[in-house]
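# let me see the structure of the following:
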Amino acid sequence: MKFIAVILLTLTCISGTFAQISGWKNYTDMKVVRAAAVTQSGVWGATTGGAFFYNFEDGSYRKFHKVDGLSGSAHTSIAVDNSGRIWFGSVNGRIDVLDPADYSIKAILDISNSLIQPRGVNEIVVSGDSVFVATDFGLSVIDPNNFLFIDTYSRFGSLNSNLKVTGVVKSSLIALSMENGIAVQKPGAINLSAPESWNVFTIVLRNAAVKINKIAEYDSKLIAATDSGLFYLEGTSFIPYLPDFNGVKVSDIKNAGGSLYITANGSLYSYNGQVSQVQGIQTAVTDVSTAGEDLYISTEDGILKYSQGQVADVIRPNAPFSNLFSSLIVDNNGDLWSASGRGTTGGFYRLHNNEWRNYNTGSDPVIATNAYFNNYSTGDEIYFGSWGGGF
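This next block holds a predicted model:
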């Protein structure tokens, strides 16, 4: 049996709507989930290797890659608009809008085509008839009905222009987080392109500015996650919030399901009157979503369904362990084998009947190393050469 293996590196289209490419498949590592969105029918995951949907009813997965119409692949953010369409943001600034009704995908390329570098999308927030997109150089507002840009803002008060916006809060006013400051729309301000339309706040401890990582609104308070704990806006200044985190690096916060979720020192905590650690999380947390009483925790090892105080399920489509393929061979059975290269935890992998089996020191302790750069097949036997660890 002949088997042709091709790694698709790039696809270039001139149309704003990226067509599906018949007859091809992309295989990528999809375990690193940067963000998730829960709908009535299932969970959507935005990963570093494309997107996927997990169906609650039958437990099936549907994966989306460039050959399926996506313009971006390394996703950073996700949101659901009022029409039920799924918005994906990526590190290269591309935005894909997927309609679950027919799986059609609309690509929005304005940010990725800009001349400013870098231009990644960091967060997408839907509010009313507007979609707010936090980018590496400011804030863009898009009309979800026609996908046209309403405006882009890159200057906020006295802060430098084109700063990376890491988070957006949209309530009665717009608030934005940047590493060295927080910008809040002035009441009554209409021309948000004017720097004077924004109030700017910095957080200072011991005469040094504190790095700000994210913002969220909780209990009618604007709260900032920083490298030195949590702070909330009181009048014209930010003051410490929740002494449990004083002096602690808080990398992320999110208001979900009526609780504030806090990622600090590699652990996840919830706050709803008291601080509690979410137990049983063994990998880095990237996002939190809720559905009823259940949590859907995005991590670097899939989405964890957390129910009744424990991890009830791991949502992760079958995929190769890594996006590195340093050597490809096909055996007599038509199975595809690949080494993962050096500097990864990938080991090596096999594709059999469209299912991947990953071999590494975690799954198979008999394997001495995860660093394999080459492989060879006699037809019935497969040999893998490692980086200094034999074969």
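# use CA for all of it now, contacts and neighbours both
Will do.
# can you pull the buried residues of stretch 222-238?
Leu222, Ile223, Ala224, Ala225, Thr226, Asp227, Ser228, Gly229, Leu230, Phe231, Tyr232, Phe238 (16 or more other C-alpha atoms under 10 Å).
# with stretch 179-196 instead?
Under 16+ other C-alpha under 10 Å, the buried positions of stretch 179-196 are Glu179, Asn180, Gly181, Ile182, Ala183, Val184, Gln185, Lys186, Leu192, Pro195, Glu196.
# ok, stretch 252-268 next?
Asp252, Ile253, Lys254, Asn255, Ser259, Leu260, Tyr261, Ile262, Thr263, Ala264, Ser267, Leu268.
# alpha carbons of stretch 29-40, as PDB, please.
Coordinates of each C-alpha in stretch 29-40 appear next as PDB, following Å, rounded to 0.1, in the frame of the first residue of the first chain:
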ATOM      1  CA  ASP A  29      -1.200  19.100  18.400                       C
ATOM      2  CA  MET A  30      -4.500  20.300  19.900                       C
ATOM      3  CA  LYS A  31      -4.000  19.700  23.600                       C
ATOM      4  CA  VAL A  32      -2.900  23.300  24.400                       C
ATOM      5  CA  VAL A  33      -6.200  25.100  24.700                       C
ATOM      6  CA  ARG A  34      -5.900  28.900  25.100                       C
ATOM      7  CA  ALA A  35      -9.600  29.600  25.500                       C
ATOM      8  CA  ALA A  36     -13.000  27.800  25.400                       C
ATOM      9  CA  ALA A  37     -16.700  28.700  24.900                       C
ATOM     10  CA  VAL A  38     -19.500  26.600  26.100                       C
ATOM     11  CA  THR A  39     -22.800  26.500  24.200                       C
ATOM     12  CA  GLN A  40     -26.000  24.600  24.700                       C
END
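# what comes into contact with it?
43-51, 75-80, 286-291, 296-303, 316-317, 319-323 (C-alpha atoms under 8 Å, 6 or more residues apart in numbering).
# sort out for me which of these are in helices.
Of the contacts of stretch 29-40, none are assigned to helices by DSSP state H.
# may I see the PyMOL selection of the buried members of the residues you listed?
Filtering the contacts of stretch 29-40 down to the buried ones (16+ other C-alpha under 10 Å) takes a single PyMOL command:
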select buried, resi 43+44+45+46+47+48+49+50+51+75+76+77+78+79+80+286+287+288+289+290+296+297+298+299+300+301+302+303+316+317+319+320+321+322+323
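# from what I can see Ile111 touches Gln117, true?
No. Judged on C-alpha atoms under 8 Å, Ile111 makes no contact with Gln117 at a distance of 10.2 Å.
# look at these two and report which has more neighbours.
Counted by other C-alpha atoms under 10 Å, Ile111 and Gln117 do not tie: Ile111 has more neighbours, with 22 against 12.
# isn't there a helix covering the more buried one?
No. Counting by DSSP: H, G, I helix; E, B strand; the rest coil, Ile111 is not found in a helix; it is coil.
# report how many residues lie close to the closest residue to it other than its chain neighbours.
Distances taken as C-alpha to C-alpha, 6 or more residues apart in numbering place Gly93 nearest to Ile111, at 5.3 Å, with adjacent residues excluded. Gly93 has 26 neighbours, counted by other C-alpha under 10 Å.
# assumed Gly93 was part of a helix.
No. Counting by three-state DSSP, Gly93 is located in no helix; its state is coil.
# how about it, what does it touch?
With the criterion set at C-alpha under 8 Å, 6+ apart, Gly93 makes contact with Leu109, Ile111, Ser112, Arg119, Gly120, Val121, Thr135.
# would you agree the first one is in contact with Ile95?
Yes. Using C-alpha under 8 Å, Leu109 is in contact with Ile95, at 6.6 Å.
# neighbour count for those two, which is higher?
Ile95 (29 against 18).
# distance of the more buried one relative to Ile124?
If you measure Ile95 against Ile124 using C-alpha to C-alpha, to the nearest Å, the figure is 10 Å.
# do Thr226 as well
With distances taken as C-alpha to C-alpha, Thr226 is found 20 Å from Ile124.
# hang on, the earlier thing: closest to Ile367 out of the buried residues of stretch 252-268?
Minimum distance to Ile367 across those is 30.0 Å, recorded for Ser267 (C-alpha to C-alpha).
# residues contacting the closest one?
Ser267 neighbours (C-alpha under 8 Å, 6+ apart): Gln277, Val278, Ile281, Ala284, Val285.
# next: Gly247.
Asp227, Ser228, Gly229 are the contacts of Gly247 under C-alpha under 8 Å, 6+ apart.
# next step: these restricted to strands.
Gly229 (DSSP state E).
# coming back round to it: give me the subset of the contacts of stretch 29-40 lying in strands.
43-47, 50-51, 75-80, 286-291, 296-299, 302-303.
# so where is the stretch 101-250 of the chain shaky, pLDDT-wise?
Low-confidence segments of the stretch 101-250 of the chain (pLDDT under 70): none present.
# let's see 90
205-209 (pLDDT under 90).
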